[in-house]
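*Asks:* I need the structure of the sequence given here:
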Amino acid sequence: MSEQNQELQPRIDSSNAPYQSVWVIINPAAGQDRPILGTLNKAFHEAGIDWDVRLTKKSGDAFRFAREAVEAGISAVAVYGGDGTVTEVASGLQNTNVPLAIFPGGTANVVSVELGIPTDLAAAAALVCGQNSDVRTIDMGRCGDRDFLLRVGIGFEADMINQADRETKNRIGSLAYVLSALQTIPARKVARYRLTLDGEEVEAEGVSCMIANSANLGLPGLNLARNIDVSDGLLDALLIRDTDIGGLLQVAASAVGLTDSLQHWQARQIRVEVDPPQSVICDGEPFDDMPLTVEVVPQALRVLVPKVAVTGEGVDQAGP
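*Replies:* Residues are numbered from 1 along each chain as shown. Here you go, the predicted structure:
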């Protein structure tokens, strides 16, 4: 390029960019196939951000890339993928000062819904560029040697997610879980759960038990319970005693307090034993170790979220 042409190129002042360097970790197998690089390049180029891409090929890659980013002194790490990939990157950034940016790219994207992150890629990328963004510090959970952001599901929920096949998820998105739930309901089995909550034991029967760090079920306002907080330093144990259609509707309606079908406890450490054995998932991924011990990792992760504006009527989400 000649000196004359170089002078014609726009000069971008990156001195005000909050993050000078960003790695974007992409899971190409997550969600539906869509072009994203052009959108990211436009956003980061205009903000004067030096960015690079890492593509995952197998389990563990996202965690490794996140750790490498920390060691390389990268300012922020972004992830494009589903909740499993987000959790893996979050685990690699746990207890560091490097913030995580989430670009929803999976089937359900429950973590991003919980934190109010835009589903539009350009709007989510704008958070990295400092446009009406803030940093929120949240808890994580640890189940055995595995970290999680959302929850551990035992019984009905695990069966529902395990039976939602990849082809159906690619075709109809999160509705695949609804279809799987309807197919799983007739086969539900009652089990006896023994929970040890910070040293205190309780026993109860049910068809599903969840150890939750996050309340959201994948839609704004649709929560397991109103008082579950991803930043409160506690985990929430919830037991579903009946999963007929009425019970499921009550869970769905829990945002307005209709949680009669759920028993709810809070603790920092929770041990779960179940008889007969049931399937287990940890943030959507199968987990085999039972009985299991789950503990909270308080204030473990810094995440870029939309800035909230305090108005005369309360707190509003201020999007980019």
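*Asks:* which residues does the closest residue in space to Val53 that isn't next to it in sequence bridge with?
*Replies:* Distances taken as CB to CB, 6 or more residues apart in numbering place Val24 nearest to Val53, at 5.2 Å, with adjacent residues excluded. The C-beta positions use only the backbone N, C-alpha and C, and glycine is treated the same way. For Val24, the beta-bridge assignment (DSSP bridges) gives partners Val53, Ala78.
*Asks:* just checking, Val24 touches Arg54?
*Replies:* Yes: under the criterion of CB atoms under 8 Å, Val24 is in contact with Arg54, at a separation of 7.2 Å.
*Asks:* more neighbours: the two, which one.
*Replies:* Counting neighbours by other CB atoms under 10 Å for Val24 and for Arg54 shows that Val24 has the greater number, 23 against 18.
*Asks:* so what's the more buried one up against?
*Replies:* Contacts here follow CB atoms under 8 Å, 6 or more residues apart in numbering; on that basis Val24 touches 40, 51-54, 77-80, 103.
*Asks:* can you point out the buried residues in the helix or strand harbouring Leu301?
*Replies:* Assessed by DSSP states H and E, Leu301 sits inside strand 292-306. Taking 16 or more other CB atoms under 10 Å as the basis for neighbour counts, the residues of strand 292-306 that come out buried are 292, 294-297, 300-306.
*Asks:* using a markdown table, lay out those residues together with pLDDT and distance to Glu203.
*Replies:* Formatted as a markdown table, the entries for the buried residues of strand 292-306 read as follows, by pLDDT from 0 to 100; distance: CB to CB, whole Å:
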| residue | pLDDT | distance to Glu203 |
| --- | --- | --- |
| Leu292 | 91 | 16 |
| Val294 | 96 | 17 |
| Glu295 | 97 | 21 |
| Val296 | 97 | 22 |
| Val297 | 97 | 27 |
| Ala300 | 97 | 31 |
| Leu301 | 97 | 33 |
| Arg302 | 97 | 38 |
| Val303 | 97 | 36 |
| Leu304 | 97 | 42 |
| Val305 | 96 | 39 |
| Pro306 | 95 | 42 |
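*Asks:* low-confidence ranges in this protein?
*Replies:* By pLDDT under 70, the weakly predicted segments of the chain are 1-17, 31-33, 107, 156-188, 217-225, 242-261, 309-320.
*Asks:* where does the residue nearest the centre of the chain sit: helix, strand or coil?
*Replies:* Most central residue of the chain, judged by C-alpha distance to the mean C-alpha position with CA atoms, centre = their mean, is Val111 at 2.7 Å. Secondary structure state of Val111, per DSSP: H, G, I helix; E, B strand; the rest coil, is helix.
*Asks:* quick check: it touching Ser214?
*Replies:* Yes: applying CB under 8 Å, one finds Val111 in contact with Ser214, separated by 7.1 Å.
*Asks:* which residues do the two both contact?
*Replies:* When CB under 8 Å, 6+ apart defines a contact, the residues bordering Val111 and Ser214 alike are 149-150.
*Asks:* helices along the stretch 51-200 of the chain, start to end?
*Replies:* Secondary structure of the stretch 51-200 of the chain (DSSP state H, counting those that start in this stretch): helices at 61-71, 83-93, 110-114, 121-128, 156-162, 166-172, 175-184.
*Asks:* still on that earlier bit, narrow the contacts of Val24 to those that are buried.
*Replies:* The neighbour count (16+ other CB under 10 Å) marks 40, 51, 53-54, 77-80, 103 as buried among the contacts of Val24.
*Asks:* now, which of those sits nearest Cys209?
*Replies:* Using CB to CB, the shortest approach to Cys209 within the buried ones among the contacts of Val24 belongs to Val79, at 28.6 Å.
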